[in-house]
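In: Take a look and give me a structure for this.
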Amino acid sequence: MTKIFDISEVYQLAIKIEENGMKFYSEFAKKTKNKKLKDLFSALAYAEVEHKKSFEKMLSEIENYEPQEAYPEEYFSYLKAYADGLIFDFVQLKKQQNKLKTTVQILDFAIQREKDSILYYQEIKNLVSETQHKELEKIINEERKHLLDLTHIKNTL
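Out: Below you'll find the model as predicted:
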């Protein structure tokens, strides 16, 4: 099977997904009047920023990669657009926004996004060379940490 992605591309997708998550949670924080929920959304947005930094650091530690395509900027624009539809698909999320009323519902929603991320990256394994699976596991482990943190917050309520 031909491998579609290089691990550096997966890191770039991961960074974009984290950016989308940060924007999403920040928007929720701005819209809610409830201080507890505002603080929770702000904390979730901050966690996404920290994840983004982790992925940027991981990306900087691997070889620079340029796609073979004649127009790399267009190629990376394509990857960015692709990432915009993953995990934090704003059209679908806007529909959910008004349904999330309680802290538990919000945490369940965030936990599901992390689970979706983990499943997505597990599937990506089929699209990168086997030699890059170790790097991909770093991304998955970061998402697992976030999932555990959110689960811990929920369990302490």
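
In: where along the chain do the helices fall?
Out: Counting by DSSP state H, the chain has helices at residues 7-31, 35-60, 72-84, 90-97, 103-124, 133-155.

In: Just name the most buried of the ones you listed.
Out: Neighbour counts (mean count of other Cβ atoms under 10 Å) averaged over each of the helices of the chain peak at helix 7-31, with a mean of 21. In this view, the C-beta of every residue, glycine as well, is placed from N, C-alpha and C.

In: from the chain's centre, how far out does stretch 149-157 sit?
Out: Put simply, stretch 149-157 sits 19 Å off its chain's centre (Cα atoms, centre = their mean, to the nearest Å).

In: Rank the helices and strands of the chain by mean pLDDT and give me the bottom one.
Out: The weakest-scoring helix or strand in the chain, judged by mean pLDDT, DSSP states H and E, is helix 72-84 (a mean of 64).

In: Low-confidence stretches in this protein?
Out: 1-3, 63-90, 92-94, 97 (pLDDT under 70).

In: cutoff 50 now
Out: 70-71 (pLDDT under 50).

In: what sits up against stretch 136-145?
Out: 7, 10-11, 14, 51, 54-55, 58, 114, 117-118, 121-122, 124-125, 128 (Cβ atoms under 8 Å, 6 or more residues apart in numbering).

In: 7 Å - rerun?
Out: 7, 10, 14, 51, 54-55, 58, 114, 117-118, 121-122, 124-125, 128 (Cβ atoms under 7 Å, 6 or more residues apart in numbering).

In: which of those lies closest to residue 149?
Out: Closest approach to residue 149 among those (Cβ to Cβ): residue 114, at 9.0 Å.

In: Hmm, the closest one is touching residue 151, no?
Out: No - with contact defined as Cβ atoms under 7 Å, residue 114 does not reach residue 151; the gap is 8.8 Å.
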